[in-house]
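**Q** quick one: sequence and predicted model below, then my questions.
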Amino acid sequence: MCGQVGIIFGKKRRRIAEREYLNEVFIRMLLCSEERGPHASGIAWLRTDGDFRLFKRPIRAHRLVRESTFHELMAEVDNETTILMGHTRWRTRGSEANSRNNHPIRSGIIIGTHNGTIYNANYLFRRLGLPRYAEVDSELLFRLADRFAPDGTIDGRGFRNALRLCRGQMSAVLASRLDPGAITVIKGNKPLSLRYSRKHRAVLYASEPEYIEAALDDLRGWRELEIPPLTMLTFRHETLKEWQSHPFKFVCQERKGTLPEGVKA
């Protein structure tokens, strides 16, 4: 069980006060998410020119937000930022002492976060000949996205077809540094809630709806996006409210060693 929180930004010239407000909302969501992941926490942002910053540590979120580097990174969020993503990790595979295992994870040109476990990740890394630098199964998702982005833009159809090979649980958020205006949101069989604001031209997301509700001073103007499980969304910085939605499939398995009916090991 891990926690994902973040803000997907649409194109808008926001005043400093609005940017500070959205940053505070993000921090509140991250702190709420600590209960889902006490072993490590991290954040990252991406800009329209492909510039990015990533900061993660093997500490709880309430300690992360006190670090000077955290505040420096948050102060750099501006009107060219396309996404601000956060993660609180519950360790399953891979020690949190190795920062490569903590999220957000950078794999090639992809930066992302994941909640869940891919039980056949070791097998798929070998079968598909994917490079591997961390011990966590989450890296598989981002390596697959990287493979299906040969020109920098993620091939959604190819990526969705590749996900069919995965077995386990997932919800994830990711983006390509070479196509930073396109944000991919995967809502699989792990929880992920989203709310959209026309006024702020932004989408908030969190593993639990309560984190968004607790972070907002006023829910008015924030519309809940009712996204069914097994859906892949693509949001674009230029036209945020015109997101694309596609169903996808993979082998949903809640616990290791227990396969769904009709599925062979």
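**A** Now that the structure is in, tell me what you want to look at. Nothing here was measured: the structure is a model prediction, and the numbers come from that model.
**Q** got the contact list for L46?
**A** Neighbour list for L46: 52, 81-83, 111, 175, 177, 180 [criterion: CB atoms under 8 Å, 6 or more residues apart in numbering]. No exception for glycine: its C-beta is placed from N, CA and C like everyone else's.
**Q** could you say which helix or strand holds the residue lying closest to D78 once chain neighbours are set aside?
**A** Take D78 and drop its neighbours on the chain: the residue closest to it by CB to CB, 6 or more residues apart in numbering is R19, 7.0 Å away. Secondary structure assignment for R19, by DSSP states H and E: helix 16-32.
**Q** give me the buried positions along the next helix or strand after that helix.
**A** Next in sequence after helix 16-32, counting helices and strands by DSSP H and E, comes strand 40-47. Buried positions in strand 40-47, judged by neighbour count with 16 or more other CB atoms under 10 Å: 40-47.
**Q** what pairs with strand 40-47, parallel or antiparallel?
**A** Within its sheet, and counting by DSSP bridges, strand 40-47 is paired with strand 52-57 (antiparallel), strand 81-89 (antiparallel).
**Q** adding mean neighbour count, write those strands out as JSON lines.
**A** As requested, the strands paired with strand 40-47 are arranged in JSON lines below (neighbours: other CB atoms under 10 Å):
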{"stretch": "strand 52-57", "mean neighbour count": "18"}
{"stretch": "strand 81-89", "mean neighbour count": "27"}
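**Q** what bridges to G168?
**A** With DSSP bridges as the rule, G168 is bridged to I118, C252.
**Q** OK, contacts around it?
**A** The contact partners of G168, by CB under 8 Å, 6+ apart, come to 116-121, 137, 250-253.
**Q** can we see that at 10 Å?
**A** Listed by CB atoms under 10 Å, 6 or more residues apart in numbering, the contact partners of G168 are 116-121, 137, 140, 188-190, 250-256.
**Q** what about T239, neighbour count?
**A** 11 (other CB atoms under 10 Å).
**Q** equivalent analysis for R198, please.
**A** Here the number of neighbours of R198 (other CB under 10 Å) works out to 12.
**Q** and of the strands paired with strand 40-47, who's closest to S107?
**A** Among these, the nearest to S107 by CB to CB is strand 52-57 (11.9 Å).
**Q** which element follows that closest one toward the C-terminus?
**A** With DSSP H and E, the next secondary element past strand 52-57 is helix 61-64.
**Q** quick one: the helix holding R19 to strand 40-47, angle?
**A** Here helix 16-32 runs at an angle of 150 degrees relative to strand 40-47 (axes from the mean of the first three to the mean of the last three CA atoms, to 10 degrees).
**Q** the helices in the stretch 51-200 of the chain, which residues?
**A** 61-64, 68-75, 121-128, 139-147, 156-163 (DSSP state H, counting those that start in this stretch).
**Q** dump the strands paired with strand 40-47 into TSV; add mean pLDDT as well.
**A** Output for these, formatted as TSV (pLDDT from 0 to 100):
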stretch	mean pLDDT
strand 52-57	97
strand 81-89	98
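**Q** from what I see, V173 and I111 are in contact.
**A** Yes. Between V173 and I111 there is a contact at 9.5 Å, judged by CB atoms under 10 Å.
**Q** thank you kindly, that will do.
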